[in-house]
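Asks: just the structure for this:
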Amino acid sequence: MHKVFIGAIALLTTATVVAQRPGQSGRPPAGGAAPDTAKGPGMGARPTSGPKAYRDVITAKAKTSKGMFDVHFVDNKYYFEIPGSLLGREILTVARLGKAPTGLGSYAGDAINQRTIAFDKGPGDKIFLKLLSFIETGRDSTEGMYKSVLNSNVQPIAAAFDVKAFGRDSSSYVIDVTDFITGDNDVFFFSAGSKRSIGLSNVFADRSFVISTKSFPTNIEIKTQKTYNRTPTTSGAGGGGMMGGGSSQPVTYELNTSLVLLPKVPMKPRYFDDRVGYFTTQSITDFDINPHGIERFRYIARYRLEPRDEDVEKYKRGELVEPKKQIVYYIDPTTPKKWIPYLIAGVNDWQAAFEKAGFKNAIVGKVAPTYEQDSTFSLEDARHSAIVYKPSDIPNASGPNIHDPRSGEIIESHVNWYHNVMSLVRNWYIVQTGAVDPAAQTINLSDELMGQLIRFVSSHEIGHTLGLRHNFGSSSTVPVENLRNKAWVEANGHTPSIMDYARFNYVAQPEDKISQVGLFPRIGDYDKWAIEWGYRWLPDQKTADDEVAVLNQRVIKELTANKRLWWGDGEGNRGDPRSQTEDLGDNSMKASSYGLKNLKRIIVKLPEWTKQPNKDYTELAEMYSQVTSQFGRYIGHVTNNVGGIERTPKRVEQAGPVYGFTAKATQKEAVQWVKDNVFTTPTWVIQENVTALTNQTPLTVIGGLQERAISGLVNVSTINNLLRFESESPATAYTATELLTDVRKSVFSELATRKATDAYRRQLQKSLVNKLADLVKVTPPQQVNLGGSFISLSSGFDKKSDGPSLIKAQLRTLAAEIKAATPLVTDAATKNHLLDLQDRIKEALEPSK
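Replies: Residues are numbered from 1 along each chain as shown. As a prediction, this is how the structure comes out:
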């Protein structure tokens, strides 16, 4: 069980030991005389040193924006007037790009930094800006580790400011922040990592300036223009590689920095549960919960949803109520107008999920006001969540969120919507549904169809901003044959989660007559359950600790009653064949076979579907590559079943194992599928009418697909897993020797018949021998420095592993079979090929000095 004491965390992260001058309290008394003045500020007194009178600093010429801190601009200087009541309060700083240069892989709206800070009183007339961390705590402040943890967590001081004056009522501090906001630092502007990824170094002061500063009740918005010196990176624009040797050049950005006051009392957090997929805060280490060590825990990221005070009793009775604060997503007004209704629909689709948590109208999409409509509104304002349209050729979209590190409360979210995501979803839809949906049988999809595709992506990305992680295992809960059942799939959808990478129903066949309703993903059973679990308000449980038992029993009850609610963490738990991207159904071999049937129907139609007046054959080449890439995905889905380790998280109240091995019969079925559909040359990929127009090379394409299959079956991880299975369950394991033998016999079936081997099969056989030869080598881990962090890389087996022994045995057997077959082969190309393989095997077994 995970526990925490929130008050302790807050104290650990903000407590400060303040050095004071004799007789000084460290803060001017409210309504009293300010330090270092003969009279109260504003009364004409002049301090002999230190702070001046307020009117001498904030003169009548000052332009002031009132809010969280009053921000003054006077005589080309910028001042923060910080209320004493906000000293020590946690503030989230979020830096985003307002405008960006082209070609560097960064776009308006991109987040470039996030920090938690506090302004605090220092010795004398100083205000310190501190960087706060929340990763360690001690919950017991009387007898536990609280004081020790506190003493070991002094927060770093990032900047110190002289107090220039005390406020008019002596309860605030005026500091000069001009140099801090006109210069460069990794608190308000680019983080060090962001700068490295783009290749930015020093800022040019003469070409950098403040555009505007605006203060609001709970946030401050600072807009600046910065010109940096940039040296291109070795990995290309925005690639994040090490610095290269290219010539440096200036680049200019418009940056927006938001200072957001975090709630004085953090939202009641909710512990992460690995049976429901949520993004989380950083891991927090507690030194008191476990009497014999430490315990680590994380909170889920979610918006604060609570009923209005007058609706509390209604909520408790199970009536739907509106939340105190609605979740609003603003659509960037620069978005093409015809797509805006679909983006809004993607947001509003989540309303039904929040009704499961007891809230109606909890979330809504709106078009952001233009400057003419509201000059105070800005999409860069960290109080506003938004879908930001980016004129980018990146075929993608993303949905990050900014949350309070103390509790996981989501402050705001920005969905990055890249223009070229439309080409991505178009290509997916054509190659996955073109055989069954006439609307997909053209390269130019209708606006209505494209709008629905945009709506699906919008819903997926909004799900991320609400805190939901991918659920790659969701589709595995659906029997494959249900995906061909028109009534069932149109009622239930082809996956229970829009957070899955299930894309579109490629299993459906033309004769099934399934409409778009059964082809598209939608917000499903899992999504509604996950929102209910994360957002259900539990007023009777006063703390996160109190919620643990209640939520645990709820999870057990719901997962037992409905298997469709399972969360398959394909990102944190790689190797579970049930949790894969782009797959469908509970059997990869059956689903992929149906998918191949449709690809064979589609590939012959590509010249017709991609033909456009006055255009060349670029689209034909692109769609041919999309079809073969989809084939490659099917190969990956199938081969991942071999050596699979399945993980089903449980608590001690649940029966059954957490870890299990993929059944032997399933693994053998996977190997047979590869033999039938990949190792047996897939001649349907050879389309002469396509290659003659696009210069595609089927030999290369098929070779790449076959190599993918070999690499998916014969690799260090798979063989090590099979060795483990055999050691733990020898009676039921599919052994590494069986796998290697099955693959060898399938790839080299001609040796028994002495038949001529064509170019495709020769290529396949060389690929297997090359792979086995590479795996014979024992390569100890190598330490590689990646951006200051050292990681271990190894492509081979450990010296103690049986893997090389088994592979050498296969190579020796293969060498003997080749040697016996070669004299009886009459085809010259085949004989030369076999002689070459003998040399390669000999070199692998007896490497030359």
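
Asks: so, low pLDDT: which residues of the chain?
Replies: Within the chain, the stretches falling below the threshold (pLDDT under 70) are 1-49, 135-154, 233-246, 287-294, 392, 396, 778-795, 849.

Asks: longest helix of it?
Replies: Among the elements of type helix in the chain, defined by DSSP state H, the one spanning the most residues is helix 618-639.

Asks: give the partner strands of the helix or strand following it in its sheet and their orientations.
Replies: Moving toward the C-terminus from helix 618-639, the first helix or strand encountered (DSSP states H and E) is strand 645-647. Strand 645-647 has these partner strands in its sheet, going by DSSP bridges: strand 659-661 (antiparallel).

Asks: thinking again about what came up before, CA-only coordinates of the longest helix of the chain in CSV, if you can.
Replies: Extracted as CSV, the C-alpha positions of helix 618-639 are listed here (Å, rounded to 0.1, in the frame of the first residue of the first chain):
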residue,chain,number,x,y,z
THR,A,618,4.5,9.7,-56.3
GLU,A,619,1.2,8.7,-54.6
LEU,A,620,1.3,5.2,-56.2
ALA,A,621,4.8,4.7,-54.8
GLU,A,622,3.7,6.0,-51.4
MET,A,623,0.7,3.7,-51.2
TYR,A,624,2.6,0.7,-52.4
SER,A,625,5.1,1.3,-49.5
GLN,A,626,2.1,1.7,-47.1
VAL,A,627,0.8,-1.7,-48.1
THR,A,628,4.1,-3.4,-47.6
SER,A,629,4.6,-1.6,-44.3
GLN,A,630,1.3,-2.9,-43.1
PHE,A,631,2.4,-6.4,-44.1
GLY,A,632,5.5,-5.7,-42.0
ARG,A,633,3.3,-4.8,-39.0
TYR,A,634,1.5,-8.1,-39.3
ILE,A,635,4.8,-9.9,-39.2
GLY,A,636,5.8,-8.1,-36.1
HIS,A,637,2.5,-8.9,-34.4
VAL,A,638,3.0,-12.6,-35.1
THR,A,639,6.6,-12.9,-34.2
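
Asks: just the buried positions in stretch 600-613, please.
Replies: Of all the residues in stretch 600-613, those buried under the rule 16 or more other C-beta atoms under 10 Å are 602-603, 606-607, 609-610. Placement of C-beta: from N, CA and C, glycine included.

Asks: repeat for stretch 268-285
Replies: Going by neighbour count (16+ other C-beta under 10 Å), the buried part of stretch 268-285 is 268-273, 275-281, 284.

Asks: what does stretch 398-408 give?
Replies: By neighbour count, and taking 16+ other C-beta under 10 Å as the criterion, the buried residues in stretch 398-408 are 399-408.

Asks: list the contacts of the closest residue to Y303 other than its chain neighbours.
Replies: Spatially, and ignoring its direct neighbours in sequence, Y303 is nearest to I410 (4.7 Å; C-beta to C-beta, 6 or more residues apart in numbering). The neighbourhood of I410, defined by C-beta atoms under 8 Å, 6 or more residues apart in numbering, consists of 301-304, 401-404, 465-467.

Asks: tell me which of these fall in helices.
Replies: Secondary structure defined by DSSP H assigns T465 of the contacts of I410 to helices.

Asks: let me have the contacts of I410 in CSV, extended by distance to T737.
Replies: Output for these, formatted as CSV (distance: C-beta to C-beta, whole Å):
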residue, distance to T737
A301, 47
R302, 49
Y303, 54
R304, 57
N401, 49
I402, 52
H403, 50
D404, 54
T465, 49
L466, 48
G467, 46
